[in-house]
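Peer 1: From the sequence below, what's the structure:
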Amino acid sequence: MHPHQRAGARRGLVALTGIALLGGTLTAVPAAFAAPVDPSQLPPQEPGVTLRTYQLGSGIAQLCTLRDGQTPNVDKLVPTIDLTSDEDFGAADNFVSHALANLTVPTSGDYTFRLTSDDGSRLTIGGELVVDNDGLHGEEAVEGTVTLEAGVHELEAEMFEAGNGQRLLLEWRAPGATSFSVVPSSALSTEAGVVRVTAPGFKYCETGRDTAGDGLRLDAVNPGYDLVDLRPEGFEPMVSAMTFLGDDLVVVTSGAVSPAGPPQNPTPGEVFLLEGVTEADGPEDVTVTKIATDLLNPMGVDVVDGTLWVSERDGLTELTPDADGDGMLENRRHADWPYGGNFHEFAFGLLHDEENFYVSLSVAIDNGGATTNPQPAAGRGTTYAVDRETGEISAVAGGLRTPNGMGWGPDDELFVMDNQGAWLPASKMVQVEQDRFFNHYTNPAGAFEAQPVTPPVLWLPQNEIANSPSNPVLLEEGTFADQMLFGDVTYGGLQRAYLDEVEGQKQGVAFRHTAGLEAGVNRTLVGPDGSLYVGGIGEAGNWSESGKLRYGLQKLVPNGESVFDMTSVEITEAGFDVTYTEPLSDETVAGIAGAYELQQWRYVPTQQYGGPKVDEESLLVTGATVSEDRRTVSLTVDGREPGHVVHLRSPRSFTSADGEELWSTEAWYTANVVPGYVAPPDLGWYEAEEAVLRGGAVVDSEHNGYSGTGFAGGFWNVGASVTFTATVDEAGVQPVHLRYANGPNPAPGTKEVSVLVNGTEVDPWALPSTGPWNRWAFATRDLDLREGENTITIRYDADDDGNVNLDLLSVGEQDVCAPVAEDGWKGLFDGTLASFSEWNMAGPGSFGRQADCSIRGSGGLGLLWHPEQQENYALHLDWKLTKDDNGGVFVGFPDPGTDPWVAVNRGYEIQIDATDADDRTTGAIYTFQGADLAKVAESLNPVGQWNSYEIQVSGDTIRVYLNDVLVNDFTSTDPARDIERGFLGVQNHGAGEFVYYRDIRVKQLEETGPTAPAAPAGVTATGADSALRVSWDAVEGATGYTATASPGGRTCTTTDATTCRIGKLSAGTPYTVTVVAHGPGGSSTASAPSASVTPSAVPGTPGVTSLAVSAETRCSAGGKAVLVVRARNKEAVPADVLITTSLGEVKVTALAPGATHTARFTGRTAELAAGEATVAGYTVRDGAGARTVYRAAHPGSPC
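Peer 2: The predicted model follows:
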């Protein structure tokens, strides 16, 4: 499939009340607005706009609601909303941008705003819609006029980009002005001095089926707890540590933290003693006393024999009795550790055993998140033991980045939560043991970087289950005894971890647990009363839970209420055992085989901030059995691999025997070990993008033809290096092959790079020119290697040439794929890199050869095409989807050069897409002719498995065989598409969409004409329910049949059957039917028309579309009004439904009979007046349309 092109692009339906088209722009009727915000309530401001851009995994056709809790890919300050280039937005295609600012209006009056965008956009002021310019379109402007009072108003401009250029421009015409001008920076401001946290990877819109706890974050307190506030009026702690001193709660506050460096007159870290918390029913029962001050950003506290200890940025401090009568404990330094003065250098903890305290230090980072190079102090990113008697420190383990919190496990193991950043593609929980290394590299090198990397106990996929996780705590009692809970500053709430021991290794699964708290959670503590105490924190910018306070203190008191939830997920040799807190209902058990969706992926850490999911694919559940007590489901799952994360979801409705819906439907299992898995042999093949890249080396995929998922670029930076770890069976001299590209920049010719083997430098490697950057070659040399593991480093030193790209290193053979010849066929891509190098890339994106000898597209929209023209041929290839992505095979186009649209506009695409319109799904000639859906359903292997196409192109005919079944027989009638002779290619559709292809081969079709089959005889038809049932006699040698009703030309097709049904006919109209028998090579013979038959109507009320509608209001966890509207189709045919409310509208196409659609609209504020939603239903019966409008009243906001 291909997206729209700009030429001729038109807007879709504009559904705005009071909008008129004036001179090429759209103008809205003025609306009155609420009073401006109180400027005294605003934090310090600076001129400009906060721009946040979110990279989507696939294209959208209108603005969407992003899933809560996602960190943007770009967060930056821009002077105005006047954005055009990729650099302006920080992205090229398939993204959403939000421009946020406070608008200062100098005088009251009517202001007209003009919002220009490509593609759709929307402007709100004070939470009210001003301009709606949504939809797929080129650069278009829409105007809206509003009455504003003088003062400050919140402003947000949303915009999305599908492809082919982007634009966002906000102009205004103030009272008295005669023309539009860009809203100036002087009228726009945003919070100053904020932390701008970003994360790579794709972000996601909410889908129609996503609800809180089922595809989205939880939005309420777990029913198993009662929430109690503990902050007396005026007490606003930014909590950085907590412990109990007897029954009194000790709360430590962080003090001022600034990414710009130490602020002047900073607020110190302080310690407070809170009495009465264990018995408190509210803040009025709590007494707060400050007991210590003048601490440097303390992040840990512990109590030993009644004495308090705190971990400051630079050392461990004992709080001793007040000696000067000021009522404050004294600060006595017990131990110092490395500290370089960077804003990100914290000391997280604090734990102790009989001999030591334990603390984990974060590394220094730059503004924006990159690890500072070099570090201002060596030895950071390390867990230290501190001798309780002497204060001597000793390193335990290293390779940490932001280890925000430590906790003891069920067997007294030490666990640390580390936050996403460089070398951490996602946040994670690690188990600390002596001499372990957790993969974060620094300069100077850490003490443990020579150790093998220890994988995490838990990967915590970013924005899905975590964002900035904090300390883990052990539950010792209750349903989840021996499991751990951990909070999150940005994602919010508490999550739960079940730890599984597999073949001697700890690994586990993460679940959502509770939300509904007043702030993002920085510290969690189990109190002596069994309650959970949570301390909140947040910083300006987006290092805080959205819409919540930047401070907080509450407790969650277990109330004994049973909650239907997953207790555990355990990996087995066959799949997974999922255990629940309550027995499953009869309805859930009856549908258990189809109740689960599983995906898996892995991560590849690099020195870039964060990282994407790699090799993401769906897993097939092939069996499910329920235990006798109905509490455990044993799943059989194909395709699991070690070193992957498995996401499990059982979408609602999924109920207990008592009818309770599952509290949270998702789990994230870290499968470092898969029981019974037999690893393939080491082939001596090592991808550069999975090696250790340092010193400016980066993973890239800009140039086509690489192996794997990309290559190592960045070798224009002196110091860039790639370190491969290669394993050999015997010591001695081995042939080592380096695949590389050496293009013309900065100058053509042979270039040298340095080589180190096991840390020892050997002669440099001379790499001859390969011509263009997308041409790859092997260079081979002998290296003396030791038995077992070896490190081979390629580095750009100061006296080298550098400026090359590195793809892979192999030991022994150059290639791991060997061609397999098939009689009569000519291989165009046989799995080898040599055959792959013959193909050309047109357009954006690229393809890479995979370890299984297939190729996979990335980015796009582009075309990988073969330079050999074909005529009267059969094309055979295998293809695989790993999720609901989009790809295709193009045939019959002229030489495209570098323009993929030549194939789109002058050839034909045979579509690959699991779900889309009939003429745009698998087997279709894209937008020209859909495949036989019944045949596709019978022959198609599911997502995750390989399928084959044989595409026969002869003259103006294309026949598509899916897994040897003819699913489409198409004749071209478009003179612009002369397919008799042309090229062929495969498509990479866009960012985040991955389709695999293999064994691409062609052969010539026989020139002799086929023998046509005989005409079908015995054609009869019977009519009922606006349809005809057609039958006929079988014809020897026929490869399929097509029955056509006249008038109208509606058809049905079969392969072997001699009966089929033609639907969607007009009741009361007489029809005749002709049956065509198809033969080999496109031959066919038609029958004589049948006798005339008149079908009857589908039962239903004439002229009426019957729907059941309802509306209700709720209050979100963030205190915003939520309007929920439901519409159920009571008809026997599909219905189109349009739901319109004061908060927006939703259109549902082809709502199935009996199905219910639930639309959820979230307001900008807590305010929502009582009103009504309108629901329009439209159906077609007997060829006539019926439209009925319903109204559903709803109360005002309960917030």
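
Peer 1: Just say helix, strand or coil for V589.
Peer 2: With DSSP: H, G, I helix; E, B strand; the rest coil as the basis, the three-state label of V589 is helix.

Peer 1: What count of nearby residues applies to the closest residue to it other than its chain neighbours?
Peer 2: Of all residues not flanking V589 in the chain, V626 sits nearest, at 5.3 Å (C-beta to C-beta, 6 or more residues apart in numbering). Heads up, the C-betas are built off the backbone N, CA and C, glycines and all. V626 is flanked by 15 other residues according to other C-beta atoms under 10 Å.

Peer 1: Quick check: L1138 vs V502, distance?
Peer 2: 51 Å (C-beta to C-beta, to the nearest Å).

Peer 1: From one end of stretch 717-737 to the other, what's the distance?
Peer 2: Terminal residues of stretch 717-737 lie 23 Å apart, using C-alpha to C-alpha, to the nearest Å.

Peer 1: Buried residues, it. List them.
Peer 2: 719-724, 726, 728, 734, 736-737 (16 or more other C-beta atoms under 10 Å).

Peer 1: just checking, which of those residues belong to strands?
Peer 2: Using DSSP state E, the members of the buried residues of stretch 717-737 that fall in strands are 721-724, 726, 728, 734, 736-737.

Peer 1: Return the member of those residues nearest to P403.
Peer 2: Top of the list for closeness to P403, among these and by C-beta to C-beta, is T723 at 24.5 Å.

Peer 1: so what's that closest one bridging to?
Peer 2: V692, T793 (DSSP bridges).

Peer 1: That one contacts L806, doesn't it?
Peer 2: No. Using C-beta atoms under 8 Å as the test, T723 is too far from L806 to be in contact (11.1 Å).

Peer 1: How about the contacts made by the residue nearest to V589?
Peer 2: 584, 589, 592, 632-634 (C-beta atoms under 8 Å, 6 or more residues apart in numbering).

Peer 1: and the residues you listed, which of them are in strands?
Peer 2: 632-634.

Peer 1: ok, and the closest non-adjacent residue to F160?
Peer 2: Nearest to F160 is V96, by C-beta to C-beta, 6+ apart, at 4.7 Å.

Peer 1: Give me the neighbour count for the one you found.
Peer 2: 24.

Peer 1: repeat for P321
Peer 2: 7.

Peer 1: From L308, how far off is it?
Peer 2: Taking C-beta to C-beta, one finds P321 at 11 Å from L308.

Peer 1: which neighbours do these two share?
Peer 2: L329.

Peer 1: thought T1042 was touching V1076?
Peer 2: Yes. T1042 lies in contact with V1076 (C-beta under 8 Å); the separation is 4.7 Å.

Peer 1: pLDDT weak spots in the stretch 201-350 of the chain?
Peer 2: Applying pLDDT under 70 to the stretch 201-350 of the chain flags residues 258-263.

Peer 1: which residues in it form strands?
Peer 2: 211-212, 215-216, 225-229, 239-245, 248-253, 269-275, 287-295, 300-304, 307-311, 315-320, 330-336, 347-352 (DSSP state E, counting those that start in this stretch).

Peer 1: which outside residues touch the fourth one?
Peer 2: Okay, so that is strand 239-245. Under C-beta under 8 Å, 6+ apart, the answer for strand 239-245 is 249-254, 269, 273, 297-303, 306, 308, 310-311, 350, 522-523, 525, 527-528, 533, 535-537, 551-553.

Peer 1: now swap in the first one and tell me
Peer 2: Strand 211-212 has contacts (C-beta under 8 Å, 6+ apart) with 218-220, 515, 652, 1160.

Peer 1: May I have the beta-bridge partners of the residue nearest to F160?
Peer 2: Y54, F160.

Peer 1: mind checking how far it is from Y54?
Peer 2: With C-beta to C-beta as the criterion, V96 and Y54 are 5 Å apart.

Peer 1: what residues are shared contacts of those two?
Peer 2: In contact with both V96 and Y54: 66, 203, using C-beta under 8 Å, 6+ apart.

Peer 1: Mark out where each domain of the protein begins and ends.
Peer 2: 19-192, 685-811, 826-1004, 1020-1086, 1107-1194 (automatic domain parsing).

Peer 1: just to revisit the earlier point, of the buried residues of stretch 717-737, which is the nearest to Q483?
Peer 2: T723 (37.9 Å).

Peer 1: Now do the same contact list for the closest one.
Peer 2: T723 neighbours (C-beta under 8 Å, 6+ apart): 691-692, 694, 791-793.

Peer 1: who wins for neighbours among those?
Peer 2: A691 (26 neighbours).

Peer 1: does that residue really touch S721, like I thought?
Peer 2: No. In this structure A691 lies outside contact range of S721 using C-beta under 8 Å: 9.3 Å.

Peer 1: Adjacent strands (with direction) for the helix or strand that contains Y997?
Peer 2: Counting by DSSP states H and E, the element that carries Y997 is strand 995-1004. The pairing partners recorded for strand 995-1004 under DSSP bridges are strand 826-829 (antiparallel), strand 855-871 (antiparallel), strand 873-881 (antiparallel).

Peer 1: any chance of those in TSV, plus distance to V74 and mean neighbour count?
Peer 2: Output for the strands paired with strand 995-1004, formatted as TSV (distance: least, C-beta to C-beta, whole Å; neighbours: other C-beta atoms under 10 Å):
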stretch	distance to V74	mean neighbour count
strand 826-829	37	19
strand 855-871	18	21
strand 873-881	30	20
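
Peer 1: Would you mind giving those strands as a markdown table with mean pLDDT and distance to G1196 added?
Peer 2: Listed next are these as a markdown table, based on pLDDT from 0 to 100; distance: least, C-beta to C-beta, whole Å:
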| stretch | mean pLDDT | distance to G1196 |
| --- | --- | --- |
| strand 826-829 | 96 | 63 |
| strand 855-871 | 94 | 47 |
| strand 873-881 | 96 | 47 |
